[in-house]
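A.B. asks: below: sequence and its predicted model.
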Amino acid sequence: GTDTPGGTTGGTTGGTTGGTTGGTTGGTTDGTTGGTTGGTGGTTGAPAAAGTASGYVLAADDGSAFGFGGPVGLSSGARGSQIVATAALPNGDGYWMVTSSGKVLAAGTATVFGSAPARLAAPIVGMAATPTGKGYWLVAGDGGIFSFGDAAFHGSTGGRQLNQPIVGMATTSTGKGYWLVARDGGIFSFGDATFKGSTGALRLNQPVVGMTPTITGNGYWLVARDGGIFSFGDATFAGSTGALRLSRPVVGMAADPDGSGYWLVASDGGVFSFAARFFGSAAGKGTHPVIGMVAIS
């Protein structure tokens with residue numbers, strides 16, 4: 001793979017407000033007790049392939065994974081340390097995990113195309129797969145982008161001063177662009193990714209921890225640490241945990257491949273389903289905090 005470090009600036013900076021703010025409760029809640037706090041930017045990636053979800057995989061910071069529904073066979077024990085993000089193959093047969101130092105691990109039929117260089121200006125906080133599954137991007141806290149396999153470099157925030165650090169990224173349906181999301185919900189758009197709105201100018205109750213795109217790639221959801229949901233473009237608000245008292249913070253989300261809803265996951269492995277089928281949770285099943293989830297179709 002080709003390692004292309006981020007550094008050039010460009011894209012559309014977040015700051016304008018809009019979309020639907022989270023706060024209303026509902027959906028199916030499960031497992032908000034136990035576990036330890038932790039986790040950094042949730043799960044991000046390419047728009048899920050259209051279809052019916054067969055399940056999801058939760059990833060913990062020690063490299064262990066918990067599969068529910070169809071991907072139960074993708075469960076695994078601890079395989080590393082300081083895992084910060086995960087991304088799935090489009091066909092659902094495997095996934096990647098990445099550490100804060102940029103080392104990439106693969107499970108199932110996923111292939112490692114490369115890892116980040118040894119010397120990083122900022123730790124890795126997220127990753128996203130290309131629509132083909134033959135490459136991926138890693139993003140650092142300063143917005144530096146590292147491209148591998150058939151993932152093309154479209155720009156980064158690695159050379160600019162940010163108000164808040166980057167916490168995740170998501171790709172367009174074509175794979176020819178991507179969004180970066182900052183802790184304050186600011187959105188930075190590159191390639192064919194279109195800016196649909198952000199929370200960069202809002203005062204948030206809790207910081208944003210991740211984002212996920214819609215199936216069409218014409219919208220996205222942002223999720224905050226309290227489970228508040230912010231919807232932009234063609235992303236539909238289906239509910240949130242923003243008004244609930246959580247035992248552990250939300251660390252990521254994934255969109256249902258049928259486009260109807262989404263799941264949120266907390267650091268203890270509790271899963272919250274909104275207009276999406278509940279397949280199970282890892283609450284009480286692991287000793288390390290969950291850092292994110294990926295949907296499997």
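C.D. replies: It's in. Numbering: from 1, shown residues only.
A.B. asks: can you list the residues that contact the helix or strand hosting residue 67?
C.D. replies: Assessed by DSSP states H and E, residue 67 sits inside strand 65-69. Applying CB atoms under 8 Å, 6 or more residues apart in numbering, the contact partners of strand 65-69 are 53-60, 73-76, 95, 97, 107, 269, 271, 277, 279-282, 285-286, 290, 296. Placement of C-beta: from N, CA and C, glycine included.
A.B. asks: buried ones among the residues you listed?
C.D. replies: If you count burial by 16 or more other CB atoms under 10 Å, the buried members of the contacts of strand 65-69 come out as 53-60, 74-76, 95, 97, 107, 269, 271, 277, 279-282, 285-286, 290, 296.
A.B. asks: show me where this protein dips below the pLDDT cut-off.
C.D. replies: 1-52, 71-72 (pLDDT under 70).
A.B. asks: ok, which stretches of the stretch 151-297 of the chain are strands?
C.D. replies: Taking DSSP state E, counting those that start in this stretch as the criterion, the stretch 151-297 of the chain contains strands spanning 166-171, 177-182, 187-191, 208-213, 219-224, 229-233, 250-255, 262-266, 271-274, 290-296.
A.B. asks: run the chain-centre distance for the strand holding residue 67.
C.D. replies: On the basis of CA atoms, centre = their mean, to the nearest Å, the separation between the geometric centre of strand 65-69 and that of its chain is 17 Å.
A.B. asks: each with direction, which strands does the helix or strand that that strand is followed by pair with?
C.D. replies: Next in sequence after strand 65-69, counting helices and strands by DSSP H and E, comes strand 83-88. Taking DSSP bridges as the criterion, strand 83-88 sits next to strand 94-99 (antiparallel) in its sheet.
A.B. asks: list the pairing partners of the helix or strand that the partner strand is followed by within its sheet, with orientation.
C.D. replies: As assigned by DSSP H and E, the chain's next helix or strand after strand 94-99 is strand 104-108. Strand partners for strand 104-108, identified by DSSP bridges, are recorded as strand 94-99 (antiparallel).
A.B. asks: now the angle from the strand it pairs with to strand 65-69?
C.D. replies: Using axes from the mean of the first three to the mean of the last three CA atoms, to 10 degrees, the inter-axis angle of strand 94-99 relative to strand 65-69 is 150 degrees.
A.B. asks: show me what strand 94-99 is in contact with.
C.D. replies: Outside of strand 94-99, the residues within contact range by CB under 8 Å, 6+ apart are 57, 59, 63, 65, 74, 79-89, 104-110, 112, 115, 124, 127, 129, 136, 138, 294.
A.B. asks: just the buried members of the residues you listed?
C.D. replies: In the contacts of strand 94-99, burial by neighbour count holds for 57, 59, 63, 65, 74, 82-89, 104-105, 107-108, 110, 115, 124, 127, 129, 136, 138, 294, counting by 16+ other CB under 10 Å.
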